[in-house]
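Asks: one predicted model, sequence on top.
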Amino acid sequence: MVVQSYKTHKIKAGDDLFKILDKYLPPLSENSVVAITSKIVSITQDDVVKNDGTVDKDELVKKEADYYIESGDETLYGKVFLTRKNGHIVFTAGIDESNADGNFILWPRNLQEKTNAVWEYLRKRNSIKNLGIIITDSRLTPIRTGVIGFCMTWCGFKPYNEFSGMPDLFGREVKFTNVNIIEALAASAALVMGEITEQTPLAVLTDLPNVELQNHLPTAEELDGAIWPIEKAMYRQLRTSVKWAKGGGEK
């Protein structure tokens, strides 16, 4: 697999995402995947709140989160909310203040629709059929140091490879194993795009093993299958053993 990042100008409110893609992405080949950081999608959609001292961040988190657990203690990082947002478990509903130009940057609204639109646009612009799109962000993994990239939305390829029911090397039936392609690609892209001052919010991934491109938008079944209900997931104790407060988010 080859991952190449692309440097842009400092993205600010009023910029157009499609013009940014036109300006900085190279000609794309069949069977490639384009990674875009969610932050520039948010900024170009004006999904930001001015951090001018008049906004209570705690209340903003509660408004943006689908569900939240409010920490009773101050940590090294200040007050922390563990939140559920759009099927993900993250801190502070994904609200970001880094590289934000004095704003709170929210998670992008209507992100799957924008992802689909980018897929359609770049396929047409490059006269190709088989193209993947991933929108990435970063999050912490429990009891591990540092952040890792993850996929918020995707389009144009099979999101996971299923091995449940297949025999392993010794003939034992595999019961649970599916390989999460969207997260693997997002982590690879985020490693190259960086986190701080790199100014490289775009990447193109090529020579992709074990990735099945598909010439259609994600189906409802694929979208539902990519995120397990927390009640059925291996980490379901996070849902049943603690009390989550309902936030103002949609889900």
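Replies: Arrived safely.

Asks: all contacts plus neighbour counts: C-alpha atoms, from now on.
Replies: Fine.

Asks: quick one: least confident helix or strand in this structure?
Replies: Scoring the helices and strands of the chain by mean pLDDT, DSSP states H and E places helix 237-240 at the bottom, with a mean of 68.

Asks: ok, and what's touching the following helix or strand past that one?
Replies: Following helix 237-240 in sequence order, the next helix or strand is strand 245-246 (DSSP states H and E). Contacts to strand 245-246, defined as Cα atoms under 8 Å, 6 or more residues apart in numbering, come from residues 65-69.

Asks: most neighbours of all those, which one?
Replies: Across the contacts of strand 245-246, the neighbour count under other Cα atoms under 10 Å reaches its highest value at Ala65, namely 30 neighbours.

Asks: hmm, it is touching Lys85, no?
Replies: Yes. Using Cα atoms under 8 Å, Ala65 makes contact with Lys85 at a distance of 5.4 Å.

Asks: overlap of the contact sets of these two?
Replies: With Cα under 8 Å, 6+ apart, Ala65 and Lys85 have common neighbours 93, 249.

Asks: dump the contacts of strand 245-246 to CSV, plus pLDDT and distance to Ser38.
Replies: Shown next, in CSV, are the contacts of strand 245-246 (pLDDT from 0 to 100; distance: Cα to Cα, whole Å):
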residue, pLDDT, distance to Ser38
Ala65, 95, 17
Asp66, 94, 18
Tyr67, 91, 21
Tyr68, 92, 21
Ile69, 88, 24
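
Asks: who touches stretch 124-138?
Replies: Residues from elsewhere that reach stretch 124-138, judged by Cα under 8 Å, 6+ apart: 27-39, 115, 118-119, 123, 147-157, 182, 186, 190, 213-215.

Asks: quick one: mean pLDDT over that stretch.
Replies: Mean per-residue pLDDT for stretch 124-138: 97.

Asks: which parts of that stretch are buried?
Replies: For stretch 124-138, a neighbour-count test (16 or more other Cα atoms under 10 Å) marks 129-138 as buried.

Asks: in strands, which of the residues you listed appear?
Replies: 131-138 (DSSP state E).

Asks: quick check: phi and psi on Leu213?
Replies: Backbone dihedrals for Leu213, given as degrees, to the nearest 10, come out at phi -70, psi 150.

Asks: name all residues that make contact with the residue lying closest to it once chain neighbours are set aside.
Replies: Once flanking residues are discounted, Leu213 sits nearest to Phe157: 4.0 Å by Cα to Cα, 6 or more residues apart in numbering. Residues near Phe157 by Cα under 8 Å, 6+ apart: 131-132, 211-215, 218.

Asks: again with Thr83
Replies: Contact analysis of Thr83 by Cα under 8 Å, 6+ apart lists 65-69, 89-93.

Asks: list the ones among the residues you listed that fall in strands.
Replies: Counted as lying in strands by DSSP E, out of these, are 67-69, 89-91.

Asks: need these in a markdown table with distance to Asp56, can you?
Replies: As requested, those are exported to a markdown table (distance: Cα to Cα, whole Å):
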| residue | distance to Asp56 |
| --- | --- |
| Tyr67 | 18 |
| Tyr68 | 16 |
| Ile69 | 17 |
| Ile89 | 22 |
| Val90 | 19 |
| Phe91 | 16 |
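
Asks: out of these, which comes closest to Pro108?
Replies: Val90 (14.8 Å; Cα to Cα).

Asks: wait, that closest one touches Arg84, no?
Replies: Yes. Counting by Cα under 8 Å, Arg84 is a contact partner of Val90 at 6.2 Å.

Asks: please name the nearest non-neighbouring residue to Asp52.
Replies: Asp52 sits nearest to Gly102 (Cα to Cα, 6+ apart), 7.3 Å away.
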